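Chemist: I need the structure of the sequence given here:
(2 chains)
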Amino acid sequence: MKSIKHISWVVLLFLTAVTSCKKLDLVPTDRFTDVNYWTSTEKANSILNTAYSQMFNSSRFFLNEALSDNAYNGRGDNEGVASIASGTYDASLGRIKSEWNDHYSGIKTCNLFLDNVDRIENMDPALKARMKGEARFLRAFQYFQLMTWFGDVPLFDKDITLEESLSIGRSPRADVLAFILSELDAAIEALPVNTAYAQADRGRITKGAALGLKARVYLYEGRWQDVATTCEAIMSGNNGSYSLFNSYAGLFLPQNENNSEVLLDFQFDPVNRTYNHLFDFAPISVGARLNALAPTQELVDSYLMTNGRTINEAGSGYDAEDPYVNRDARMTATVVYHNYNWTRPDGTSKIIYIKPGTDPDETKMDEYAAGGVSSPTGYYLRKYYDPTSLTNFVSGLNLILIRYADVLLMYAEARNELGTMDESVWNQTVRALRNRAGFVDPMALNFNASLGQDGLRTAIRNERRTELAMEGLRVFDIRRWKTAEVVLNGWAHGAKYGPTSIDNGYIRANQRVFDPGKHYLWPIPRDERNLNPNLQQNPGW
Amino acid sequence: MYINFTASNRSQSCIKLRICRMMKLTCILILLAGLQVTAKTYAQKISLKFKDAPLEDVLLNIRQQSGFDFLYTSDLLTQANPVTLNLKDASIEEALKLCVAGQPFTYQINQKTVTLTAIKVVKQQNLTVTGRVIDRTNQALPGVSIRVKGASIGTITDQEGRYRLTVPAATSVLVFSYVGYETVERTVNNQQQINVTLSEDAQALNDVVIVGYGTQRRTSVTGAVDQINAAELEGKPAMNATQALQGVSPNLIVQQRSAEPGGAINLNIRGVGTMGDNSPLVVIDGIVGGDINLLNPSDIQSVSVLKDAGSAAIYGSRSSNGVILVTTKQGSKNSGTRVTLNALTGVQVPHILYKPVQGFENAILRNEANVNAGLTPIYSPEQIRDFQSRGDEQWFLNGILKNALQQNHNVSLSGGNANSSYLVSVGYADQENNLVGQNFGLKRYNYRINMNNEYGKFKLTSILSYAKTQINDHSSSTSTLIVDAGRVPTIFKMKDEQGRYLTNEVLAEFNPLGQLEKGGYRKYDNDNLFGSLNAELAVTDFLKLRAVVGGTLTANHLFARTLRVDYYPKGTSGADRNTNDENTKNLFLNTQFLAEFNKTFAQKHAVNALLGVSNESTNNEENRLYRRFTDPELGTPITETVIDPNSSNTNQRTNESSLNSLFGRAGYSFDDKYYGQVDFRVDGSSKFSKQNRWGFFPAISAGYRISQEDFMENYRQRFGDLKIRGSYGILGNQNVGNYQFQTTYFSFQNAYAFNNSVVSGTGFNFANPDIRWERASTFNIGVDATFFKNSLTVSVDYFDKVTRDILVAPVVPGIFGTSLPDFNSAKMQNRGWEASINYRISGEQFKHQIGLNVGDSKNKVLDYGGRERISSSDEMQFIIREGLPFNSYVGLKTDGYFQNIDEVNSGPKPEGISVLPGDIRYVDVNKDGVINDRDRYVLGNAFPRFTFGVTYAVSFKNFDANIFIQGVGRRDAFIRGEMVEPYHFNYGQVMYQHQLDYWTPTNPDARYPRLAANGSQSNANNYRRGSDAYIYDASYARLKNLQIGYSLSSETAKKIGMQKLRIYASGQNLLTFSKLKFLDPENTEFNNNLSNSGANSARAYPTPIYIGMGLDVTF
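Modeler: Residues are numbered from 1 along each chain as shown, chains lettered A, B, ... in the order given. Presented below is the predicted three-dimensional model:
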């Protein structure tokens, strides 16, 4: 009995020993806290890398084209583009909110970097100045995108508190614009030219990129003299070395990444940082699963004949029943059409049969069939197809955000608007582009002063559309030209596979509505306004 | 007439006469015990020498020598035999013993009086009663306590329920009692065999109820506690304890988003009390935080559900969502070895409620949808004729489902001796998956050993249990496979004659059959070891000290491979050829010290107190290795293999938390009539900063057993017991992530790439330095009443809980640029009631038991900082707004259809949309002529209301039946996708039969609007807006379980060497009554936090119907 009593006390003591209080001050093992983060250049650089990753969005890069008359998102409502293009959206649309939020997330990263980078001791001042320049560019780019969609937006250049974020109002667009321009000037000052970067740093923001963005900002404002001046700064060769790449199709191939035409791109890596949007854009028979982005007949129609005429022009030689011959070669580099010769990665080729009833293969995957998974317009996307992509189109091909061709077109447009378009400017810009595109007919290449300013405007605008098609810029052009209300009202069409009684047989793909009274600006997201009473809504919403 | 030999005075003889009268009345004069105690006190020496002398002479002699008085009836000695004896210096006892030897009477000594009584009476005194105690299912009940009322004589039944007890008198009353059963009294009345049937009685007044850190008698419980006993879980083909708990306790709500083996289950007590995690705290055998789903349901003795502050406050900071206490079975002391075997095997039949229309019909309908949208028809008349003549192929969804076997087996061994008891059990559960493929499903192995040892005042309880769970899953996502398979019209084949998996225009890049049969697997292999050591020392009879160390060691492993499958004519899945490993190790330790005081003063003042300290700590470590492009056959690394950047080392996935606590309880009751109790807990958590770390959670509760009052005597006699109880307290919730009070920076790989070379980036998590506990003020009032001698019990509770400082991630405006961790920023009220009624009636042949439980709760957001938040998931939108239930559905309200062009022209339409007759008309709330965001209505709520369970058990002779119906009285389900919208986004190319009720000019009151293909304005009007067109009434009543059993009579069973044998059929989900006909109304679109991953779009694994046979044998 006594020994049992002893045992019981021993057990109790043992239990006491193993239960000594565990401490309650626990820290995570895999992350830094604010106290020990801002201690090295590497850590600051890591934040900057995050800011780069927030610069753009690959999905929107492609799908934004369906916000314009160039393409149609016929399956799902990816990135909200179907709703927006058809005019059936309001302030609660997810895209409106995510577009807004994503830019402010990027701004936060830049602000955190700029607010804290000076806490790092012993940092190389030159490197610090450059990194600050990169951050300021990235922040300005975010504000530019915000301003373009929403007009007046909340503007701040320091990280804000939650309380501030709940009460801050929209700054006038002019203030936002002034901030963007002054920040770009600071970035231009701080950043090296493209050739001054080490090879490993290719993809970082350059002086030329900042100038290119500045030109685009002026372009969207219609400040033609400033556009011209800024473009000239780039074209002069004093701010980096840029030229047109020798092949239009090759411009978008992986082996030609970082070529001489690129001012700014959104960079990827073939294995670890990839996208596979073409899985939903490319022809089905070469491996896509369905079609969610289809070029329109309107885009196809905008490509010139090889003789430089538009298809509707007298003497163009256009045959609506054989529409894809004698056309601008850039069309073949951009759009897949009936009987297209698709080159596979292994060099073999595949004819893409789109016209109903033409595919010798029983499966008829790419043939147009209303309501099927194939393209609702009868066209597929070719541009940015990466022959080295992995299964299901997983690709690391960089997406070019500003290229030299764009600079030339901006310059041409500005000089024309300024009334100073002449043969030398034409040759420097449009002719150079058409040359590179493979036009040989002098009709297509030579400057035609008789067109006059209006005629040249039409030509330059069309040149811009075809040169930059499916690169996400068309929607901004039609909005700044105020032509959206024309081209985005009514039906978007597909190829001539429909009943002849309707629209001459061109497929009615999607009915669009654009209300000029309100659609030129997106509404401020509903959720933002619910939280912040000081955010006024745009007119008409 | 009594003859009195006495040497004493008269007054003494008076006393003796009274004794004599008592003797006559009762036939019992002196207790046996008294005899033993007093026997030794007589030292008088007696010497006798007689030969064949009359007894009377001998007695007179003894009287003279000893001075003892003798007492006997006059006729007694006439039956006496002559006596011969020779004694020297013997005691009076020895002398008397010899005198009565062989005589028809015996003697008793009381003080200095010797009483002689006839032997007939003596025989009655030593009456031996035997018998057997069984329960209502004719099962023997071992360990039943049998006491003689008013005496300290007793025994317990053996393994066969048999007992043998010698009782002092024929008029003795035997009291049969057994925990969890009604106590029964029987008067012996000279019967030598008394068989008793005990009724189980969860509500019995003297039941012991398991509460936090102890037990209480049912009568003295002042909180809202519901106890579920093993019987209510038996025979159900439930794969885990949570499923078995569905519907058995009011306001204990069990929901599943998918019935797939291993699928997550929502467990909720009393509705939505917080915006965060609403999961209750689970305590298994006194150790906090176990996984209830890893238990072998057969091991469960009881489950206590602590619902209010009065019962749960002792669990302090984790108790606001309620507490579930699970107690596992123990062996009984003093019982032989008992072996129990349960086997249940059945088949799960997949049950899809929606059906596609025939292939050719579908073609016609698609044409109609296209033409209505201004598009061209898709199929030519020839094609349609062709589809019709060819007939239908097997629908893909049917093609990927099969009947699946399910088995639940259990063997247990239990017993004990005087000082110890044990229970050892082994369980095996095997649920095959209804999806075809490589033997997908879940297997669980359970092993348990529960030991109790007593060494005098020291008691040691040791529990060790082990659970192994193996889930073999396919490499894809079930919801994707289900929804995609359902989208294919029946004109397509799944596999051709050459065995190739076919793709088609709907599923262009993969086919679910190929995925399942060839696409690889995910193998989960999870080990869980639970142990606890509970040492108890009874320092005195009123003070006990207890020390508990317990914990769980979890080691989970996942090995997964994705195999490449090529389809014909095109499509590839699994091209990455992933080979993945995930390892998780989690150690949870809980240590407790408790002191318990329990004493009754002056028989009426019962006082109990408990004080304890505890620590709980968790350490979770994980590592993950993901490889891509591994060897297609072996999965081993080869030249092109890369390590996926999502791989992680242990230091990237380590989580620690710790909680120190002081807790206690003090209770007082007076005369089993008035009860009062105070509970508290002080918790300190590592999840909060030093300033906000400690929280105090008190509760008070009281009970009044009004039926015990004298003035209620009449009521008590006529009806039964009546008790009112109430409680109020503050409960806490700390179900939040770790480290949220510190801003942290973490690096992640592949943030960006420069020059085709990836770089890492840094992300940040902003802190809420002020984060602290949620606090729920919880009020409860309840009434417990019994009627008709406890055969009808009724319990009703009302509760009102207001949770403050709810931890919820604040609604952060986009311009803030990042999200924030949880803030203590909201306030919510949750009110409701519950009732349970049990009625039992036993006849000679039939025995019925009816149980009904029903509960309801309704929550309301009281404070959300004056803001509101609308979240959306596709068309589904839900709102947090002050005054509304949490996450209520909002959207447009439909107003029938535009019936003609005039209505179209004059009616309100959404912005930018032109509609046609047959399209949905919405209510223009703000009368501005346009349908937009400002016209939103509150459409309903997804949380189940009026949940109920009904059990009816009946037995007739050896047959028994058990019917269990469970359901929900009100629930709004948001269902979207192809179930509602024909040819949804063109993802689906099948129309289902329930959708045929669509608008046409001749069917103006249809359920669905006119057909119009994707991309049309009509389609955008009808389906791109969240509206009540998507809301379905998902209330239901379901025959959840039906059992019909037959037991061998105990005699027959014994002949074949068994104590008990029952064979039964069990069916699950046999019948469902609901207005929602095409989907299982039980499937919810939300998890336990009322957050979702999209509306219900018919992606859930179909809830199977189960039919099986079971066998229970006890040796």
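Chemist: CA atoms for contacts and neighbours, from now on please.
Modeler: Noted.
Chemist: quick check: closest non-adjacent residue to the spatially most central residue of chain B.
Modeler: Central residue of chain B (Cα atoms, centre = their mean): B:L245, 3.5 Å from the mean position. Distances taken as Cα to Cα, 6 or more residues apart in numbering or on different chains place B:L233 nearest to B:L245, at 7.1 Å, with adjacent residues excluded.
Chemist: quick one: that neighbour from B:V1113, how far?
Modeler: Separation of B:L233 from B:V1113 (Cα to Cα, to the nearest Å): 17 Å.
Chemist: who's more crowded, those two?
Modeler: B:L233 (22 against 18; other Cα atoms under 10 Å in any protein chain shown).
Chemist: the residue nearest to B:L245 contacts B:A244, correct?
Modeler: Yes - here B:L233 lies in contact with B:A244, judged by Cα atoms under 8 Å, at a distance of 5.6 Å.
Chemist: who touches both of these two?
Modeler: Counting by Cα atoms under 8 Å, 6 or more residues apart in numbering or on different chains, the common neighbours of B:L233 and B:A244 are B:P297.
Chemist: residue of the stretch 101-250 of chain A nearest chain B, please.
Modeler: A:S105 (3.8 Å; Cα to the nearest Cα).
Chemist: got a list of what that residue touches?
Modeler: If you count contacts by Cα under 8 Å, 6+ apart, A:S105 has them with A:Q54, B:G814, B:I815, B:F816, B:G817, B:T818.
Chemist: between those residues, which sits nearest A:R461?
Modeler: Set against A:R461, the nearest of those by Cα to Cα is A:Q54 (30.3 Å).
Chemist: check the gap between the closest one and chain B for me.
Modeler: Shown here: A:Q54 relative to chain B, a distance of 9 Å by Cα to the nearest Cα, to the nearest Å.
Chemist: give me the neighbour count for that residue.
Modeler: 22.
Chemist: quick one: stretch A:316-327 to chain centroid distance?
Modeler: 31 Å (Cα atoms, centre = their mean, to the nearest Å).
Chemist: neighbouring contacts of it?
Modeler: A:Y303, A:L304, A:M305, A:T306, A:N307, A:R309, A:T310, A:I311, A:N312, A:Y337.
Chemist: cool, and stretch B:542-553?
Modeler: So stretch B:542-553 is contacted by A:12, A:15, A:19, B:287, B:290, B:528-539, B:585-599 (Cα under 8 Å, 6+ apart).
Chemist: what's the average pLDDT for the strand or helix carrying the residue of the stretch 101-250 of chain A closest to chain B?
Modeler: Element membership for A:S105, per DSSP states H and E: helix A:94-116. On average, the pLDDT along helix A:94-116 is 96.
Chemist: check stretch A:211-227 too.
Modeler: Stretch A:211-227 comes out with an average pLDDT of 97.
Chemist: from the rest of the structure, what touches that stretch?
Modeler: A:141, A:144, A:181, A:184, A:188, A:228, A:230-231, A:233-234, A:263, A:402, A:407, A:410-411, A:414-415, A:417-418, A:476-477, A:480.
Chemist: near chain B, which of these show up?
Modeler: Among those, none lies close to chain B by the criterion of Cα under 8 Å from any Cα of the partner chain.
Chemist: what ranges do the helices span in the stretch 201-350 of chain A?
Modeler: Assigned by DSSP state H, counting those that start in this stretch, the helices in the stretch 201-350 of chain A fall at A:207-221, A:224-235, A:297-302, A:329-332.
Chemist: separation between the residue nearest to B:L245 and B:F530?
Modeler: 22 Å.
Chemist: thanks a lot, see you next time.
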